[in-house]
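Trainee: 3D, please:
(one chain, ligands or ions: 1)
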Amino acid sequence: MSGIPRHVAIIMDGNGRWARRRNLPRAAGHRAGGEALRRTVEACRDLGIEILTVYAFSTENWKRPRAEVEALMDLIVEYVRKEREELIRNNIRVVNIGDTSGLPAAARREIESIVAATSQNTGHVLCLALNYGGRREIVEAARALAQKAARGEVRPGEIDEDMFRRHLTTGDLPDPDILIRPSGEMRVSNFLLWQIAYTELWFTPVLWPDFGPEQLRQAVEAYRQRHRRYGGLSLEDA
Ligand code: FPP
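Mentor: Numbers count the residues shown, from 1 in each chain. All right, here's what the predicted structure looks like:
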């Protein structure tokens, strides 16, 4: 199929509502969200989507009750352990664009280990945004560049978009082609602020734990129908 997005980003939202509707604890919603992630990774492979970036834990999520944060961290450890062999076998490279150093030790170890074990993989990329915040990422890139300038390693006049981009945690990953947000919310919530400048946005009322290959196919179809003009004119307009 032509026009398949190369990079899909997803805000995995709606786990709590999914659980509440079933009278289940929020942690059960996150667990079902982990299953949806597993299905979606597989569906991306089937569709030939090269990169999947998922918002798994934001820098703001620390404000949630301690028990929920702990359940999420346990789930991340469990997910990585369970999926490890599958990710390796399928030649998937796992990266984390969040601040791994701020995670509890067990989660940090598991993430660092899967990132190292898959670093040479050349197939798809599963990019986890774990302890991630878009504004913080931009501030940190600015700080790194300011430090280089203070040390005389770059001249301020040399700093351009390309240099700035390379100081973001996404580094050389291409920008997302489409950003999907399930659960009916229509916000960006501090996700990939720099990288989504020209990204197509797609929203669905389906809650993340119910998300699967069918919703991904719908999003890809919508993406293929849209004209991507990057601020210029399409051929018909010219
Ligand atoms: C938002 O739903 C979701 C999160 C804060 C966590 C996302 C995490 C997962 C899907 C777990 C799996 C992740 C990995 C890497 C294994 P919400 O709780 O804000 O839902 P609500 O808005 O309905 O309350």
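
Trainee: When you work out contacts or count neighbours from here on, use the C-alpha atoms and nothing else.
Mentor: Fine.

Trainee: residues contacting residue 144?
Mentor: For residue 144, the contacting residues are residue 167, by Cα atoms under 8 Å, 6 or more residues apart in numbering.

Trainee: Swap in 10 Å and give it another go.
Mentor: 138, 150, 164, 167, 168 (Cα atoms under 10 Å, 6 or more residues apart in numbering).

Trainee: export those residues to CSV and tack on neighbour count and pLDDT?
Mentor: CSV is the format used below for the contacts of residue 144 (neighbours: other Cα atoms under 10 Å; pLDDT from 0 to 100):
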residue, neighbour count, pLDDT
138, 19, 98
150, 12, 98
164, 16, 98
167, 18, 98
168, 22, 98
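
Trainee: need the residues of this protein near the ligand, please.
Mentor: 12-17, 30, 33-34, 56-57, 75-76, 79 (Cα under 6 Å from any ligand atom).

Trainee: With pLDDT as extra columns, can I get the residues you listed in CSV?
Mentor: Output for the residues of the chain next to the ligand, formatted as CSV (pLDDT from 0 to 100):
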residue, pLDDT
12, 98
13, 98
14, 98
15, 98
16, 97
17, 98
30, 97
33, 98
34, 97
56, 97
57, 97
75, 97
76, 97
79, 97
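
Trainee: In strands only, show me these.
Mentor: If you go by DSSP state E, these have 56, 57 in strands.

Trainee: Now, the residues of the chain next to the ligand that are in helices?
Mentor: Per DSSP state H, helices hold the following members of the residues of the chain next to the ligand: 15, 16, 17, 30, 33, 34, 75, 76, 79.

Trainee: Skip the chain neighbours and tell me the closest residue to the second one.
Mentor: Pointing back at residue 16 there. Leaving aside its chain neighbours, residue 16 sits nearest to residue 26 (5.0 Å; criterion: Cα to Cα, 6 or more residues apart in numbering).

Trainee: can you tell me which residues contact the one you found?
Mentor: Residue 26 neighbours (Cα under 10 Å, 6+ apart): 15, 16, 17, 18, 19, 20, 32, 67, 68, 71, 72.

Trainee: got any ranges where this protein has weak pLDDT?
Mentor: Within the chain, the stretches with pLDDT under 70 are 1, 227-238.

Trainee: quick one, helices of it?
Mentor: With DSSP H as the criterion, the chain has helices spanning 15-21, 26-47, 66-89, 105-117, 134-150, 161-166, 213-225.
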